[in-house]
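In: next come a sequence and a model predicted from it.
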Amino acid sequence: MIDVNRFWIIHAVISASLFLASCRERQTSGNPPFEEKNSDILFQSDFSDPLDPRFWAVEMDSLAESRVSVRDGKLVLDTKGGVTVWLKKKLGGNVEITYTREVVVKEGVNDRLSDLNQFWMATDPQNENLFTRTGKFAEYDSLRMYYVGFGGNYNTTTRFRKYHGDGRKEIIHDLAGKEHLLKPNHVYKIRIRMENDKVEFWVDDEFFFSYTDPDPLMEGYFGFRSTWSRHKIDDLKITSLN
């Protein structure tokens, strides 16, 4: 006759062992780069349609051979001078922004390996309407926002700055190693994560840097930024982290 109590004790021990082994496997296998959390999609686009002015604002330096367009399911920034493409949706709270982006270096007139840049949590302390500029980089000095210039200065630096809204552009991180600079014609996966007072920036699921901000920017706008180069952007997704 089966001892029922003994059976359930053995069953409980085996179940607990399997659970602990599963936990150890999740902790040690691979290198999961971020903690998965419940999330709600705030906005996403695969750029299969032309930019809708209800959702996008383009600020572009008026130089010849410059254009912003949607071609072959990609948002293309092909400009001689500065350009910012803003998403006209104000973000707030804890969010994650992901997208893919390629710096094209082939035979294009503007092709140059540089400036895979972005603004986020941007606001204008002097003007409720953010979208008033012409694409020249210095015009953004008065904003409050975070900024990453990935492969800036002719692909010699990757910098993370906080703009304070009074002309100060504080450098938080300044990376110059080859592993933190651009490769031509490579499709990068960019991930920006805002969670309470912590800001993170990831490239191809590799951690670049984080910043614990004593005065975090918890609302504002996101924009793709570049200058004198050609970029193809796709699969933008912004989620709210619960």
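Out: Structure's in. What do you need?

In: domains of the chain?
Out: 1-30, 35-241 (automatic domain parsing).

In: deepest of the ones you listed, which one?
Out: Of all those, domain 35-241 carries the top mean neighbour count, a mean of 17, counting by mean count of other CB atoms under 10 Å. (Glycine included, C-beta is placed from N, CA and C.)

In: quick one: list the elements packing against the longest strand that the chain contains.
Out: Among the segments of the chain that qualify as a strand by DSSP state E, the longest is strand 219-241. With contacts defined as 3 or more CB pairs under 8 Å, 6 or more residues apart in numbering; DSSP states H and E, the packing partners of strand 219-241 are strand 39-45, strand 74-87, strand 91-92, strand 95-103, strand 116-123, strand 144-151.

In: strand partners (parallel or antiparallel) of the first one?
Out: This means strand 39-45. strand 219-241 (antiparallel) (DSSP bridges).

In: closest to the centroid, which residue in this structure?
Out: Geometric centre of the chain, nearest residue: Ile192, 3.8 Å, by CA atoms, centre = their mean.

In: which helix or strand contains that residue?
Out: Assessed by DSSP states H and E, Ile192 sits inside strand 187-195.

In: who's in contact with Ser114?
Out: Val103, Gly151, Gly152, Asn153, Tyr154, Asn155, Leu182, Thr227, Trp228, Ser229 (CB atoms under 8 Å, 6 or more residues apart in numbering).

In: tell me the one of those residues nearest Asp61?
Out: Taking CB to CB as the measure, Asp61 sits nearest to Thr227 out of the contacts of Ser114, at 7.9 Å.

In: who does that closest one form a beta bridge with?
Out: Beta-bridge pairing for Thr227 (DSSP bridges): Gly82.

In: where does this structure dip in pLDDT?
Out: By pLDDT under 70, the low-scoring segments of the chain are 1-39.

In: the residue nearest to the centre of the chain contacts Glu96, doesn't it?
Out: Yes - the criterion here is CB atoms under 8 Å, and Ile192 meets it with Glu96 at 7.0 Å.

In: returning to that earlier point: return the distance of the residue nearest to the centre of the chain relative to Leu77.
Out: Taking CB to CB, to the nearest Å as the criterion, Ile192 is separated from Leu77 by 18 Å.

In: OK, contacts around the residue lying closest to Gly165 once chain neighbours are set aside?
Out: Leaving aside its sequence neighbours, Gly165 sits nearest to Arg144 (CB to CB, 6 or more residues apart in numbering; 3.7 Å). Shown in contact with Arg144 (CB under 8 Å, 6+ apart): Met121, Ala122, Thr123, Asp124, Pro125, Tyr163, His164, Gly165, Leu217, Gly220.

In: next: Gly152.
Out: Taking CB under 8 Å, 6+ apart as the criterion, Gly152 is in contact with Ser114, Asp115, Asn117, Thr158, Arg159.

In: again, but for Asp213
Out: By CB under 8 Å, 6+ apart, the neighbours of Asp213 are Lys162, Asp197, Lys198, Val199.

In: same list (the helices and strands packed on strand 219-241) but as CSV, adding distance to Thr212.
Out: Putting the helices and strands packed on strand 219-241 into CSV (distance: least, CB to CB, whole Å) gives the following:
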stretch, distance to Thr212
strand 39-45, 22
strand 74-87, 26
strand 91-92, 19
strand 95-103, 17
strand 116-123, 15
strand 144-151, 13
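
In: of these, which is nearest Asp204?
Out: Taking these one by one with CB to CB, strand 95-103 is closest: 9.8 Å.
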